[in-house]
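Q: predicted coordinates and the sequence they were generated for:
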Amino acid sequence: MSHDAGRSERHRSHRAGWLRAVVLGANDGIISVASLVVGIAASGAAKEQVLVAGVAATVAGALSMAAGEYVSVQSQADTERADLAKERQELALDPAGELAELTEIYIRRGLDHGLARQVAEQLTLHDPLGAHARDELGLNEILRARPIQAAVASAASFAIGASLPLITLELTPAGRITELVTILAIVALALLGGLSASIGGASLWRGSMRMLFWGTFALALTAAVGRLFGAAG
C-alpha cells in the first residue's frame, strides 16, 4: 500500500455549521456591545451608566442570538424532515420510479447507463432513503441542521465576544473609555476574522481585513452618533 493510499484526508466542511454560528455570535457580541459602549461613553454618560447598559445589552443580545438562531435552524430542520417524509412515502409507493430517478441522477453526473443503474440498485438495497437524501435532496449528516447546537453556540460566543469590551470598560479610566474600547474591539475583530478564516481554510489576511472594515465602520458611526446626541444634550 502506498503512502498516499493510507493517508487520511482532512476536510473542513464538517465545521461549517458550528463555525458559522460561533463567528457570527462573537462578531455580533464584540461589535454591538463595543459600539454601544463607545456611543454612550461618547455622549458623556457616567461610567456606571455605560457599564449597566453594556451588561443589559450582553444579556439581551445573547438571548436574542440564541432565539433567532434556534428558530432559523429549526425551520431548516423542519424542511429537511418534511422532504425526508415525502421521499420515504415515494419510495413506498413507487420504488421502481425512485430507482429510475436515482439512476438518472448518476447518469447526469457522468456514469453510463449500465453502471448508473448498477450503482443505484446497490445503494437502494443498502439504504434507499439515505441514497435519495444524499444524492437527490443534498442532505447529509455533516451539514444536517442542529438547532439546539446552533443556539447554544451563538449565545455563548456572543457573551464571550461581548465580555471583551465590558472587561475593558471596567478596567479603563472614565476619560479613556471610547479610545481603549475601540482599540480593543478592532484588534479582537481582526484576530477573530483571521482565526475563522484559518479554521475554514480561507485566507487569514482577507478574513481579518473583512472583519476589521465592518467593525471599524460600526464603531466610528456609533461614536459619531453618541457625540452628536451628547452635544445636543
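A: Yes, it's here. Numbering: from 1, shown residues only.
Q: give me the three-state assignment for residue 45.
A: When classified by DSSP: H, G, I helix; E, B strand; the rest coil, residue 45 comes out as coil.
Q: distance of it relative to residue 52?
A: According to Cβ to Cβ, to the nearest Å, residue 45 stands 10 Å off from residue 52. (Glycine included, C-beta is placed from N, CA and C.)
Q: those two: which is more packed in?
A: A side-by-side neighbour count of residue 45 and residue 52, using other Cβ atoms under 10 Å, places residue 45 first with 20 against 13.
Q: what about the more buried one, distance to residue 182?
A: Relative to residue 182, residue 45 is positioned 16 Å away (Cβ to Cβ).
Q: residue 107 too?
A: Counting by Cβ to Cβ - residue 107 and residue 182 are separated by 58 Å.
Q: more crowded one of the two?
A: Remark: of residue 107 and residue 182, residue 182 carries more neighbours, 24 against 15, as counted by other Cβ under 10 Å.
Q: residues contacting that one?
A: 34, 38, 219, 223 (Cβ atoms under 8 Å, 6 or more residues apart in numbering).
Q: around residue 80, count how many other residues there are.
A: 17.
Q: and for residue 155?
A: 22.
Q: now do it against residue 51, distance only.
A: Distance, residue 155 to residue 51, by Cβ to Cβ: 21 Å.
Q: so where's this protein shaky on pLDDT?
A: The model of the chain has pLDDT under 70 over residues 1-21, 140-145, 196-203, 226-227, 229-233.
Q: one more time with 80, if that's ok
A: Confidence mapping of the chain against pLDDT under 80 gives the ranges 1-24, 135-146, 193-208, 210-212, 214-215, 218-220, 222-233.
Q: give me the secondary structure label for the residue of it positioned farthest from its centre.
A: Taking Cα atoms, centre = their mean, the residue of the chain most remote from its mean C-alpha position is residue 114, at 42.0 Å. Classification of residue 114 using three-state DSSP returns helix.
Q: please apply the same query to residue 110.
A: Classification of residue 110 using three-state DSSP returns coil.
Q: repeat for residue 137
A: coil.
Q: list the contacts for it?
A: 80, 83, 84, 87 are the contacts of residue 137 under Cβ under 8 Å, 6+ apart.
Q: was I right about the last one contacting residue 129?
A: Going back to what we said before, that points to residue 87. Yes. Counting by Cβ atoms under 8 Å, residue 87 touches residue 129, with 6.3 Å between them.
Q: quick one, which of those two is more surrounded?
A: Legend: neighbour count by other Cβ under 10 Å for residue 87 and residue 129, higher for residue 87 (19 against 14).
Q: residue 101 versus that one, what's the distance?
A: Per Cβ to Cβ, residue 87 is found 10 Å from residue 101.
Q: mutual contacts of these two, please.
A: Contact criterion Cβ under 8 Å, 6+ apart; residues bridging residue 87 and residue 101 by contacting each: 132, 136.
Q: what is the burial count for residue 139?
A: Around residue 139 there are 19 residues (other Cβ under 10 Å).
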